[in-house]
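Engineer: pasting a predicted model and its sequence here:
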Amino acid sequence: MSAQQAAAAANSDANSSAQKSSQARQLDPVESAKRAAAYAAVDNHVKPNHVVIGIGSGSTVPYVVERIAQQGAAVNEKRWFVPTGFQSKELIIDAGLRVADVDSFPSIDVTIDGADEVDNALNCIKGGGACQLREKVLAEAANDFIVVADYRKNGTQLGTKWTQGIPIEVAPFAFAKVLQNLKRMGSADAKLRMGKAKAGPVVTDNGNFCIDAPFPLSYMKDPSELLVKIKLLTGVVEVGLFCNMCKAAYFGNQDGTITIKTADGKVQENVAFDASPLATAAA
Ligand SMILES: O=C[C@H](O)[C@H](O)[C@H](O)COP(=O)(O)O
């Protein structure tokens, strides 16, 4: 069996397991909403001529990979998939797709990623999973940066739905100084993110720490300005504010429809979407 045939076989196995994974499972309304958003975004933005695809992080992204796998081996065996972290790398491998890194592909056709909150101008808070550094590199590298999420992330002003603060990746030795500076800037409750089943702080995929810095809503009115101020603090590696980067955001709704916001300010509400597997996957 040639390498290409092996990849095709792996891809075909991945297709059938991807189908089983969500089509055969009974999804609750939030999971269905995530799947609808992810599938619609893939259908509209991951085209047959796209060769390098960025795969983001979070709970909606497995459905992104699932839908891409449904596009079939013939198209996927020509593609490279660049992950934003450990989770997405595993998703790519499990789907039988080819993993690459951004140092080989500094230009990406399209990156699809999750978000913690998105406003009407498509500014995003990201980094709830501490992946914001790699996510921002892949968003910047992409011709099209597309966000997918469920209805709970669809906001008007950042900081209203996601209240735990702006995720900020920091060099470990500098965390105390950055925390002090963030408090001086107005984030009185900024804190180091601690591990859940681990003693000590969360360590990012890059070996750094993560601070969550909630700012008063008045500070969040102009996220670009706040982003620059935080980024200039010595010791900050990256800030989970993504401003003027996103081309379109897809939100799955509770009733099975989707909402699509685009960078030109247009909002399409209650768009009907059929989340059946693609014919290529069913074949
Ligand atoms: O660091 C993590 C990422 O920014 C995620 O895309 C974001 O936190 C959304 O994750 P979830 O879909 O799991 O809420």
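Structural biologist: It's in.
Engineer: for the closest residue to residue 167 other than its chain neighbours, what are its contacts?
Structural biologist: Of all residues beyond its chain neighbours, the one nearest residue 167 is residue 127 (2.8 Å), with distances taken as CB to CB, 6 or more residues apart in numbering. Heads up, the C-betas are built off the backbone N, CA and C, glycines and all. Residue 127 is in contact with 116, 135, 166-169, 210, 240, counting by CB atoms under 8 Å, 6 or more residues apart in numbering.
Engineer: a markdown table for those, including secondary structure, neighbour count and distance to the ligand?
Structural biologist: Formatted as a markdown table, those follow (DSSP: H, G, I helix; E, B strand; the rest coil; neighbours: other CB atoms under 10 Å; distance: CB to the nearest ligand atom, whole Å):
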| residue | secondary structure | neighbour count | distance to the ligand |
| --- | --- | --- | --- |
| 116 | coil | 23 | 5 |
| 135 | helix | 29 | 5 |
| 166 | strand | 29 | 11 |
| 167 | strand | 27 | 7 |
| 168 | strand | 30 | 12 |
| 169 | strand | 24 | 10 |
| 210 | strand | 26 | 9 |
| 240 | coil | 29 | 7 |
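Engineer: any idea how far residue 51 is from the residue nearest to residue 167?
Structural biologist: Distance, residue 127 to residue 51, using CB to CB, to the nearest Å: 28 Å.
Engineer: got it, and residue 152?
Structural biologist: 33 Å.
Engineer: next: residue 153.
Structural biologist: Going from residue 153 to residue 51 by CB to CB gives 29 Å.
Engineer: which of those two has more neighbours?
Structural biologist: residue 153 (25 against 12; other CB atoms under 10 Å).
Engineer: who are the contact partners of that one?
Structural biologist: 115-118, 161-162, 251.
Engineer: what residues does the stretch 101-250 of the chain have near the ligand?
Structural biologist: Residues of the stretch 101-250 of the chain lying close to the ligand by CB under 6 Å from any ligand atom are 113-116, 126-132, 135.
Engineer: can you tell me which of those residues are in helices?
Structural biologist: 132, 135 (DSSP state H).
Engineer: rewinding a little: dump the contacts of residue 153 to TSV, plus pLDDT.
Structural biologist: Compiled in TSV, those are given as follows (pLDDT from 0 to 100):
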residue	pLDDT
115	98
116	98
117	98
118	98
161	97
162	98
251	98
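Engineer: so what secondary structure elements neighbour the strand ranked longest in the chain?
Structural biologist: Longest strand in the chain by number of residues (criterion: DSSP state E): strand 142-150. Other elements packing on strand 142-150 under the criterion 3 or more CB pairs under 8 Å, 6 or more residues apart in numbering; DSSP states H and E are helix 29-45, helix 61-70, strand 108-113, strand 248-252.
Engineer: residue 176: what secondary structure?
Structural biologist: helix (DSSP: H, G, I helix; E, B strand; the rest coil).
Engineer: residues contacting it?
Structural biologist: No contacts exist for residue 176 under CB under 8 Å, 6+ apart.
Engineer: begin at 860 from now on, thanks
Structural biologist: Will do, 860 is the new start, and the previous item becomes residue 1035.
Engineer: pLDDT value on it, please?
Structural biologist: Residue 1035 is assigned 98 on the pLDDT scale.
Engineer: flag the shaky bits of the stretch 860-1009 of the chain, pLDDT-wise.
Structural biologist: For the stretch 860-1009 of the chain, residues meeting the criterion pLDDT under 70 lie at 860-880, 883.
Engineer: rewinding a little: now the longest strand of the chain: buried residues?
Structural biologist: Neighbour-count burial for strand 1001-1009 flags 1001, 1003-1009 (criterion: 16 or more other CB atoms under 10 Å).
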